[in-house]
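**Q** model the following, please.
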Amino acid sequence: MIKSELINILTNKQKHISEKDVSLSVNLLLEYLRETLGRGGRIEIRGFGSFCLHYRPPRNAHNPKTGNRVVTKAKHSPHFKPGKDLKERVNASKLNCEIKDDDDYTSEDDGGSVSSQSTNLIL
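**A** Residues are numbered from 1 along each chain as shown. Alright, predicted model coming up:
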């Protein structure tokens, strides 16, 4: 699911709110989340999960193409921890799906991809 699809779904479920207002609300919410994480804050949405920053210290690495040693910079990366209700809902929905191992795929399958029915949320 992409942001425009989310806006369309919310607009269809809330007929009394215009698409422009729904779009504004979604954009304001996302901007607030970005600002909070940008300041190093933590966001918790009960029943859904929490967003925080994880510190990644500098480390010794190498460029696989050239083999040169490189020292990466320290950084903070966003981290999402799903809440209990979200975990339970996801696990309950997966009980209705057949889970295939990598060995179960054949050349007739969809090329070894996980599932053509999976939905991603890209905001």
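
**Q** just the buried positions in the longest helix seen in the chain, please.
**A** Longest helix in the chain, counting residues (DSSP state H): helix 19-38. Neighbour counts using 16 or more other Cβ atoms under 10 Å place 22-23, 26, 33, 37 of helix 19-38 among the buried residues. The C-beta positions use only the backbone N, C-alpha and C, and glycine is treated the same way.

**Q** same thing with stretch 4-15?
**A** 6-7, 10-11.

**Q** which one of these is nearest to residue 81?
**A** Relative to residue 81, the closest of those is residue 6; by Cβ to Cβ it sits at 21.3 Å.

**Q** for the closest one, what is the enclosing helix or strand?
**A** Taking DSSP states H and E as the definition, residue 6 sits inside helix 3-13.

**Q** and whichever strand or helix holds residue 78, which strands flank it?
**A** Counting by DSSP H and E, the element that carries residue 78 is strand 75-82. Counting by DSSP bridges, the strands paired with strand 75-82 are strand 49-56 (antiparallel).

**Q** next secondary structure after the partner strand?
**A** strand 60-62.

**Q** where's that following strand relative to the chain centroid, distance-wise?
**A** Chain-centre distance of strand 60-62: 28 Å, with Cα atoms, centre = their mean, to the nearest Å.

**Q** pull up the pairing partners for that strand, direction included.
**A** Using DSSP bridges, the strands paired with strand 60-62 are strand 69-71 (antiparallel).

**Q** state the mean pLDDT of the partner strand.
**A** For strand 69-71, mean pLDDT is 94.

**Q** likewise stretch 25-36?
**A** 96.
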